[in-house]
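quick one, fold the following:
(2 chains)
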2 protein chains.
Amino acid sequence: MAKPIEFYFDFSSPYGFLAAQRIDEIGAENGREVLWRPFLLGVVFKTTGGQPLLDIPLKGDYARRDLARSARLMDIPFAMPKPFPFMAVSASRATYWLSETDAEAGKALAKALYRGAFAEGRSIADPQGVANVAAELGHDRDEVIAAVQNPRIKDLLKREVDAAQRKGVFGSPYIIIDGEPFWGYDRLEDVGVWLESGGW
Amino acid sequence: MAKPIEFYFDFSSPYGFLAAQRIDEIGAENGREVLWRPFLLGVVFKTTGGQPLLDIPLKGDYARRDLARSARLMDIPFAMPKPFPFMAVSASRATYWLSETDAEAGKALAKALYRGAFAEGRSIADPQGVANVAAELGHDRDEVIAAVQNPRIKDLLKREVDAAQRKGVFGSPYIIIDGEPFWGYDRLEDVGVWLESGGW
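Reported below is the predicted structural model:
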């Protein structure tokens, strides 16, 4: 059995959202499972000295245009969240918490949260917003809120972010196939070719 | 007649080099002329606070890997110049100087210079290195060296760099089609689709 594809993303990353709309399909076409791994870009930036793309002069304006254009090309609903950026901590914790007992449920929640933030104008920045989305998938609101504030789950996310850093993950989305890294939404095409060809 | 495609690049930009290998073909397939416009990313970075990609922790290492991998996928010879980055001033001036009287000759020189730097391990960092490449295309060595040091040509490049900045060019490669900007080698696919479809 081929190793799963590792899909690293920050819930507050718009290019991560775009990649999230296609990565499972690319995996399925190539008989690969996809592990969804939320992480916190802000923590990584403290090490790498990076800064949020949309805050950078000129590049930020370009990125807003490019994001809207890319979403139109993919024919998916897209709207930048307001306020932006937002805290991705609660959404990330909820995803890992749910994934502990049910990986598919965790992924389904991650998808719903991402869609809520970047397509439906909902806030997923705090435990309540995350719980609202989770409740629509049949999860218990109070349980979600408790999980997000649970020290053990906080620690779980911390360890995942550390692990991502150790793997060299410095941006979102960041996709690893059998150790080969691909950074950015614009490498999805290459990811597909890499999987089909076995690398080049 | 459709407006030409504006192709902005820095001679010291490896992703610019990759884009340079395909941009004319994309233009030709869509009945568009391509204007090659060298500029100086370092000057732009002074305004935008950008820094050379390959110097950034983690991103730099990733980019080296991604560049080699992308070149293999395109099946083109590629080797990072040493030293790197190098001064692109002489190559840029020579290109504009030649383009003044013969646009096609200017483009042919730009291609040969880029290939020299990123595929043939040659230095194009100083007037002599540029003149060596130009001489092989039948140009007079001394004339090229004089042109690169000519205050009028220096000023010509300066004005081109200013014009690029006014257009919002902040990276290399940067492609403009009828006012629509596309940044990065990884947008070439979109550039082709944009030209074929008339935009979306």
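
tell me the SS of the one residue in chain A that gets nearest to chain B?
Closest residue of chain A to chain B, CB to the nearest CB: A:Asp186 (3.6 Å). In short, each C-beta sits where N, CA and C put it, glycine included. Recorded secondary structure, A:Asp186: helix (DSSP: H, G, I helix; E, B strand; the rest coil).

what residues does it make contact with?
Contacts were defined as CB atoms under 8 Å, 6 or more residues apart in numbering or on different chains; by that measure A:Asp186 touches B:Gly184, B:Asp186, B:Arg187.

chain A: which of those residues is nearest?
Closest to chain A, out of all of the contacts of A:Asp186 and judged by CB to the nearest CB, is B:Asp186, at 3.6 Å.

the lowest-mean-pLDDT helix or strand in chain A vs chain B: in contact?
The least trusted helix or strand in chain A, going by mean pLDDT, DSSP states H and E, turns out to be helix A:41-48, with a mean of 88. Yes: under the criterion of CB under 8 Å from any CB of the partner chain, chain B is reached by helix A:41-48 at A:Thr47, A:Thr48.

please enumerate residues in contact with that helix?
A:10, A:12-13, A:50-52, A:88, A:161, A:164-165, A:169-172, B:56-59.

buried subset of those as a ChimeraX selection?
Only the buried entries of these go into this ChimeraX selection, using 16 or more other CB atoms under 10 Å in any protein chain shown:
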select /A:10,12,13,50,52,88,161,164,165,169,170,171,172 /B:56,58,59
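
now, the contacts of helix A:41-48 that are in helices?
Here DSSP state H is the test, and the contacts of helix A:41-48 give A:Val161, A:Ala164, A:Gln165, B:Lys59 as lying in helices.

what would the residues you listed look like in TSV with distance to B:Arg37?
As requested, the ones in helices among the contacts of helix A:41-48 are exported to TSV (distance: CB to CB, whole Å):
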residue	distance to B:Arg37
A:Val161	42
A:Ala164	39
A:Gln165	39
B:Lys59	26
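
got the residues you listed as a markdown table, with distance to B:Ile76 and pLDDT columns?
Shown next, in a markdown table, are those (distance: CB to CB, whole Å; pLDDT from 0 to 100):
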| residue | distance to B:Ile76 | pLDDT |
| --- | --- | --- |
| A:Val161 | 38 | 97 |
| A:Ala164 | 33 | 96 |
| A:Gln165 | 34 | 93 |
| B:Lys59 | 23 | 89 |
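
between the residues you listed, which sits nearest A:Ala135?
A:Val161 (26.3 Å; CB to CB).

OK, contacts around the closest one?
Counting by CB under 8 Å, 6+ apart, A:Val161 has contacts A:Phe39, A:Leu40, A:Val43, A:Val44.

most surrounded residue in those residues?
Using other CB atoms under 10 Å in any protein chain shown as the neighbour test, the contacts of A:Val161 are led by A:Phe39, with 26 neighbours.

next structured bit after the helix or strand containing A:Val133?
Assigned by DSSP states H and E, A:Val133 belongs to helix A:127-136. Sequence order places helix A:141-149 as the next helix or strand after helix A:127-136, per DSSP H and E.

flag the shaky bits of chain A, pLDDT-wise.
The model of chain A has no residue with pLDDT under 70.

near chain B, which residues of it show up?
Going by CB under 8 Å from any CB, the residues of chain A near chain B are A:47-50, A:56-59, A:61-62, A:65-66, A:69-70, A:72-73, A:168, A:170-171, A:181, A:183-184, A:186-187, A:189-190, A:193, A:200.

give me the buried subset of these.
Looks like the residues of chain A next to chain B have A:48, A:50, A:56, A:58-59, A:62, A:66, A:69-70, A:168, A:170-171, A:181, A:183-184, A:186-187, A:190 buried, using 16+ other CB under 10 Å.

and the strands in chain A, which stretches?
Assigned by DSSP state E, chain A shows strands spanning A:5-9, A:34-38, A:174-177, A:180-183.
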